[in-house]
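Novice: predicted model and sequence below, questions to follow.
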Amino acid sequence: MAELKLLTIEEIEQESVNWLWKPYIALGKICLVQGAPGIGKSTVILALAADMTNGRITGASDLTEPAQVIYQIAEDGYADTVKPRLRRLGADCKRVHVLRRVDWW
């Protein structure tokens, strides 16, 4: 069984942030991208995901080798939109993971 412990901030050891795309997206953190429709949010994030899977981030990044990506979207289909875009962008699709609904009953 899990146990919870109440800590003060003083007890927590401070860490520095590792950046995927400094200063916008931190490595190992959840990133939510939102904005008006049609401004290119999905295009930018899929391009970034493709570059991550190949370890080729340009600009200020602490990423030095290919990485795994968890990608979640509510607007587009994985099979007809996301996968074709990732393939066009040269992503290593074996490194891109998505959540899929599984019925338990």
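Specialist: Structure's in. What do you need?

Novice: how long is stretch 55-65 from one end to the other?
Specialist: This stretch, stretch 55-65, spans 4 Å end to end (Cα to Cα, to the nearest Å).

Novice: now that stretch: buried residues?
Specialist: Of all the residues in stretch 55-65, those buried under the rule 16 or more other Cβ atoms under 10 Å are 57, 61, 63. The way it works is simple: take the backbone N, C-alpha and C, and place the C-beta from them, glycine included.

Novice: tell me which element the second one is part of?
Specialist: It refers to residue 61. Taking DSSP states H and E as the definition, residue 61 sits outside all helices and strands.

Novice: can I assume it is in contact with residue 18?
Specialist: No - using Cβ atoms under 8 Å, residue 61 is not in contact with residue 18; the gap is 9.1 Å.

Novice: coming back round to it: adding pLDDT and distance to residue 94, write the buried residues of stretch 55-65 out as TSV.
Specialist: Shown next, in TSV, are the buried residues of stretch 55-65 (pLDDT from 0 to 100; distance: Cβ to Cβ, whole Å):
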residue	pLDDT	distance to residue 94
57	84	18
61	88	21
63	88	17
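
Novice: residue 30: which of the residues you listed is nearest?
Specialist: Minimum distance to residue 30 across these is 16.5 Å, recorded for residue 63 (Cβ to Cβ).

Novice: ok, and the closest non-adjacent residue to the closest one?
Specialist: Among residues not flanking residue 63 along the chain, residue 57 sits closest, at 4.8 Å (Cβ to Cβ, 6 or more residues apart in numbering).

Novice: so that neighbour, which state does it fall into?
Specialist: Here residue 57 is recorded as coil under DSSP: H, G, I helix; E, B strand; the rest coil.

Novice: surely it and residue 47 touch.
Specialist: No - using Cβ under 8 Å, residue 57 is not in contact with residue 47, being 10.6 Å away.

Novice: and the top helix by length along the chain, what does it pack onto?
Specialist: For the chain, the helix reaching the highest residue count under DSSP state H is reported as helix 41-54. Applying 3 or more Cβ pairs under 8 Å, 6 or more residues apart in numbering; DSSP states H and E, we find helix 41-54 packed against strand 19-21, strand 69-70, helix 83-88.
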